[in-house]
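> here you go, sequence then predicted model.
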Amino acid sequence: MSDPLRQPRGLFNLFDDCWILDGARTPMVDYCGAFGSLSPTDLGIHAARAALQRAAVAPEAVGAVLAGNMAPGDSFQYMLPRHIGLYAGVPIDVPALMVQRICGTGFELFRQAGLHLRDGVDVALLAGTESMTRNPIAAFEHRTGFKLGAPVKFEDFMWEALKDPAAGVDMIGTAENLARRYGITRAEVDAYAARSFERALAAQASGFLAGEIEPVTPTTFEREGYAPRALRLPPKVERVDTDTHPRPSPLEALARLRPVHPGGVQTAGNSSALVDAAAAAVVAGGAFTRDWQTRTGRAPLARVAAAAVVGVPPEIMGIGPAPAIRLLLQRAGLTLDAIDRFEINEAQGAQVLAVARELGLDEAHLNVHGGAIALGHPLAATGVRLTLTCARALRACGGRYGVASACIGGGQGIALLLENPDAPTAA
């Protein structure tokens with residue numbers, strides 16, 4: 001049997017004409033914060049509208065709506081993709097699709113967009129949205145009633161979903177498995193987390209992060225002939241325009257935190273933060289993109305050159321980006337040293353360090369503006385955010401190729417290859 005880490009199989013897609021015209025995201029707001037009462041549908045509508053506006057693409061041009069959401073934030077999740085499209089102004093006859101690949105959902109949206117464009121769609125509107133706050137308290141066993149004296153069983157949907165019953169381990173436990181496998185110490189994990197916070201704070205101070213954020217204010221979304229939707233913030237909150245989790249987090253403060261598992265390396269301070277957010281992008285095919293460039297005088301934000309998805313053992317699910325990136329680059333004919341920027345989701349500190357060690361990554365090129373430890377991991381929105389950040393980071397450094405990637409609960413990894421169209425040697 002082949003080694004799934006060093007000889008990955010999985011899925012691979014090569015794309016010639018898949019262009020990210022532009023995108024936008026909401027601020028990422030801490031769990032139970034200013035976005036706590038908002039439906040993920042409304043967060044997604046806000047991001048989708050902003051992406052279309054920034055891309056200077058009329059909603060009427062959209063030929064497919066692709067949306068991702070993991071946990072239901074209300075009873076109407078089934079209609080989330082359709083409602084995002086409708087209230088973003090997309091024509092009524094344009095279909096909408098819900099995409100779900102857990103933490104890889106946002107990346108899968110771009111992969112699906114490439115496939116849709118290949119099938120003849122000119123423009124796809126993508127939106128990943130997640131309310132961690134509104135993850136439900138669920139009862140799955142009482143549809144037939146409550147028997148006298150039997151236990152009444154309600155579960156915290158988010159907490160229980162962090163456990164993998166196949167492997168008998170929770171997501172933090174999978175990172176602990178990687179820490180043991182790769183000899184990663186608590187001090188190294190805390191040092192990585194401190195650097196993530198430092199880089200995120202620097203990216204805030206420089207205005208880099210503000211460049212991808214569309215501020216949220218109280219808004220009514222209207223569509224003629226249909227009920228209006230309202231995006232309402234808490235009393236006395238008139239505007240949210242900044243990610244709320246980045247904060248000074250010196251090494252000595254992180255070192256004082258108690259590990260989640262006794263004797264382990266993972267703590268609340270060196271794991272991804274719980275936040276609510278949405279992110280969206282407009283992706284177009286070559287013919288539309290060329291006309292768009294003539295009309296706007298702009299270059300696309302990036303080209304999605306390829307995508308790869310792999311499976312890994314569930315008990316070390318966090319290593320998933322390593323074989324996904326290996327497959328991506330092998331099939332695309334590139335080597336690691338051709339990649340100028342890596343954005344790899346920081347599900348846990350030990351997890352991303354294990355990926356870096358497995359691949360031999362130069363951490364100077366990894367998550368240079370901070371990652372999910374500092375900014376947060378709103379599940380279905382994360383991949384869209386990371387892809388936009390990677391594309392913008394490529395432009396900022398003048399590099400040609402970037403890779404955005406994430407591990408996926410249950411044992412998968414996903415990665416996208418991005419190309420900067422303004423790089424001197426770009427195709």
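That came in fine, so what should we check first?
> now the strands for the stretch 151-300 of the chain?
Under the criterion DSSP state E, counting those that start in this stretch, the stretch 151-300 of the chain contains strands at 155-156, 163-164, 169-170, 219-221, 229-231, 275-284.
> closest one to Gln412 among those?
Gln412 lies closest, by Cβ to Cβ, to one member of these: strand 163-164, at 11.7 Å. C-beta here means a position set from N, CA and C on the backbone, and glycine is covered the same way.
> chain center to that closest one: distance?
20 Å (Cα atoms, centre = their mean, to the nearest Å).
> direction included, what does that strand pair up with?
strand 169-170 (antiparallel) (DSSP bridges).
> give me the contact list for the strand it pairs with.
The contact list for strand 169-170, computed with Cβ atoms under 8 Å, 6 or more residues apart in numbering, reads Leu162, Lys163, Asp164, Asn177, Pro314, Glu315.
> does the first one touch Gly173 like I think?
Meaning Leu162. No: Leu162 is beyond contact range of Gly173, at 9.4 Å (criterion: Cβ atoms under 8 Å).
> between these two, who's got more neighbours?
Taking neighbours as other Cβ atoms under 10 Å, Leu162 and Gly173 compare with Gly173 leading, 20 against 14.
> ok, back up a step: could I get the strands of the stretch 151-300 of the chain as TSV with mean neighbour count and mean pLDDT?
Listed next are the strands of the stretch 151-300 of the chain as TSV, based on neighbours: other Cβ atoms under 10 Å; pLDDT from 0 to 100:
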stretch	mean neighbour count	mean pLDDT
strand 155-156	13	91
strand 163-164	16	94
strand 169-170	18	96
strand 219-221	15	97
strand 229-231	16	95
strand 275-284	32	98
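> in CSV, could you pull the C-alpha coordinates for the helix or strand of the chain with the lowest mean pLDDT?
Within the chain, no helix or strand scores below helix 157-161, which has a mean of 88 by mean pLDDT, DSSP states H and E. In CSV, the C-alpha atoms belonging to helix 157-161 read as follows (Å, rounded to 0.1, in the frame of the first residue of the first chain):
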residue,chain,number,x,y,z
PHE,A,157,-23.6,20.6,17.9
MET,A,158,-20.2,22.4,17.7
TRP,A,159,-18.6,20.7,20.7
GLU,A,160,-19.7,17.2,19.6
ALA,A,161,-18.7,17.8,16.0
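> all helices of this protein, in order?
40-55, 80-87, 105-118, 157-161, 171-182, 186-206, 251-255, 286-296, 321-332, 349-359, 372-375, 379-397 (DSSP state H).
> need the contact list for the most centrally placed residue in the chain.
Among the residues of the chain, the one closest to the centroid is Thr382, at 1.5 Å (Cα atoms, centre = their mean). By Cβ under 8 Å, 6+ apart, the contact list for Thr382 reads Cys103, Thr105, Gly106, Gly128, Glu130, Asn345, Ala372, Ala406.
> I figured the third one was touching Leu66, is that so?
No: the pair Gly106 and Leu66 does not pass the contact test of Cβ under 8 Å, sitting 10.4 Å apart.
> which one's more surrounded, these two?
Higher neighbour count among Gly106 and Leu66: Gly106, with 34 against 28, using other Cβ under 10 Å.
> so where is the stretch 1-150 of the chain shaky, pLDDT-wise?
Applying pLDDT under 70 to the stretch 1-150 of the chain flags residues 1-2.
> now the strands for it?
Per DSSP E, counting those that start in this stretch, the stretch 1-150 of the chain carries strands over the ranges 11-14, 19-25, 29-30, 64-68, 96-99, 123-130, 137-138.
> give the pairing partners of the fourth one; include direction for each.
Yep, that's strand 64-68 we're talking about. For strand 64-68, pairing defined by DSSP bridges yields strand 96-99 (parallel), strand 123-130 (parallel).
> would you reformat the contacts of Thr382 as TSV and include distance to Pro378?
Shown next, in TSV, are these (distance: Cβ to Cβ, whole Å):
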residue	distance to Pro378
Cys103	10
Thr105	10
Gly106	9
Gly128	8
Glu130	4
Asn345	11
Ala372	9
Ala406	12
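> and which of these is nearest Arg186?
Ala372 (19.0 Å).
> okay, the closest one: pLDDT?
At Ala372, the model reports a pLDDT of 98.
> show me the contacts for it.
Contacts of Ala372 (Cβ under 8 Å, 6+ apart): Ser272, Ala273, Asn345, Glu346, Ala347, Thr382.
> so the last one versus Asp74, what's the distance?
Summarising the geometry, the distance separating Thr382 from Asp74, computed by Cβ to Cβ, to the nearest Å, is 21 Å.
> how about Pro424?
In this view, Pro424 and Asp74 are 48 Å apart by Cβ to Cβ.
> next: Glu419.
Glu419 is 38 Å from Asp74, where distance means Cβ to Cβ.
> between the two, which has more neighbouring residues?
Glu419 (21 against 15).
> what's opposite the more buried one in the beta bridge?
Judged by DSSP bridges, the bridge partners of Glu419 are Arg303, Tyr401.
> isn't it up against Ala305?
Yes: assessed by Cβ under 8 Å, Glu419 is found in contact with Ala305 at 4.9 Å.
> what do these two both touch?
Joint contacts of Glu419 and Ala305 (Cβ under 8 Å, 6+ apart) are Tyr401.
> skipping adjacent residues, who's closest to Ala138 in space?
Phe157 (4.8 Å; Cβ to Cβ, 6 or more residues apart in numbering).
> give me the neighbour count for that neighbour.
Counted with other Cβ under 10 Å, residues neighbouring Phe157 total 16.
> residue contacts, it?
Applying Cβ under 8 Å, 6+ apart to Phe157 gives the contacts Ala71, Asn135, Pro136, Ile137, Ala138.
> was I right about the third one contacting Gln77?
The reference is to Pro136. No: using Cβ under 8 Å, Pro136 makes no contact with Gln77, being 9.9 Å away.
> how much space is there between Asn345 and Ser272?
If you measure Asn345 against Ser272 using Cβ to Cβ, the figure is 7 Å.
> so between those two, which is more surrounded?
Neighbour count, other Cβ under 10 Å: between Asn345 and Ser272, Asn345 has more, with 32 against 26.
> tell me the contacts of the closest residue in space to the more buried one that isn't next to it in sequence?
Excluding the flanking residues, the one nearest Asn345 by Cβ to Cβ, 6+ apart is Ala406, at 3.8 Å. Taking Cβ under 8 Å, 6+ apart, we find Ala406 in contact with 103-104, 107, 320-321, 344-345, 347, 382-383, 386, 413-414.
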